[in-house]
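A.B. asks: The following block contains a protein sequence and its predicted model.
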Amino acid sequence: MAYQKAVLDTPIIELRRATMQDRPTLEEMKELSISTLLDPLMTPEQRTEMREITPFDPGLIEDGTYYVATVNGWIAASGGWSRRAALFGANVGETSVAPLLDPATDAAGIRAMYTHPDFARRGLGSLVLSTAIAAARLAGFRKAQLLATVAGERLYRAAGWKTEERVMVGSGGRSVVPGFHMSRTI
């Protein structure tokens, strides 16, 4: 898609909940985001594993907690939050049945943040992130947590997130993809 051609001198930016009709575009954007912005920072083994542990998670859309930022009608960034006990979608199909978190004691999870490479570092990821945080706070949460990639850690740190620990994640007992468990008060 010619995303850059969609940007005019005064772009129309809209933020909305994602729908299942957005799924093909979201999956395409996720892959472009990973391949362009994250793959150069990982080994071939890590790249393969990253795709294994980050399948599209329809549970976020079903819960109404996943958002898209559009520029002149094109989806340019996406992400959301979860009131369920899962920080990433390695177990797709299980997220929508994962236990609900208690806003009084648990941290909401910020999940599945992706920006189309044509819009990287232009503020749209931050817009989606701040929307997810505001929505989680309105739902009663006072803390949030996330698992940042090596590409996203800088964005989150700049937005006030604190690194709790550096971790290695993967599927099936494999721990090959570096990440940062981060948290903040919201």
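C.D. replies: Okay, I see it. Remember, predicted model here, so these are calculated numbers, not experimental data.

A.B. asks: Show me the longest helix that occurs in this protein.
C.D. replies: helix 124-138 (DSSP state H).

A.B. asks: Mind listing residues that contact that helix?
C.D. replies: 13, 15, 65, 67-69, 71, 76-81, 83, 108, 110, 113, 115, 144, 155-156, 159, 186 (CB atoms under 8 Å, 6 or more residues apart in numbering). Quick note: C-beta positions are derived from backbone N, CA and C, even for glycine.

A.B. asks: Next, the contact list for residue 168, please.
C.D. replies: Contacts of residue 168 by CB under 8 Å, 6+ apart are 175, 176, 177, 178, 179.

A.B. asks: now the first one: how far from residue 108?
C.D. replies: With the distance defined as CB to CB, to the nearest Å, residue 175 ends up 25 Å from residue 108.

A.B. asks: quick one, which of those two is more surrounded?
C.D. replies: More neighbours surround residue 108 than the other of residue 175 and residue 108, with 27 against 12 (other CB atoms under 10 Å).

A.B. asks: Specify the beta-bridge partners of the more buried one.
C.D. replies: Judged by DSSP bridges, the bridge partners of residue 108 are residue 144.

A.B. asks: these two touch, right, it and residue 183?
C.D. replies: No: shown here, residue 108 and residue 183 do not form a contact pair, counting by CB atoms under 8 Å, at 10.3 Å.

A.B. asks: Now do the shared contacts for these two.
C.D. replies: What both residue 108 and residue 183 touch, as defined by CB under 8 Å, 6+ apart, is the set 143, 144, 145.

A.B. asks: what's downstream of the helix or strand bottoming out on mean pLDDT in the chain, the next helix or strand?
C.D. replies: Lowest by mean pLDDT, DSSP states H and E among the helices and strands of the chain is helix 153-158, with a mean of 90. Moving toward the C-terminus from helix 153-158, the next helix or strand (DSSP states H and E) is strand 162-169.

A.B. asks: Residue 149 is in contact with residue 40, isn't it?
C.D. replies: No: the pair residue 149 / residue 40 is not scored as a contact, 12.0 Å apart, by CB under 8 Å.

A.B. asks: Where does residue 61 sit: helix, strand or coil?
C.D. replies: Under the three-state scheme (DSSP: H, G, I helix; E, B strand; the rest coil), residue 61 adopts helix.
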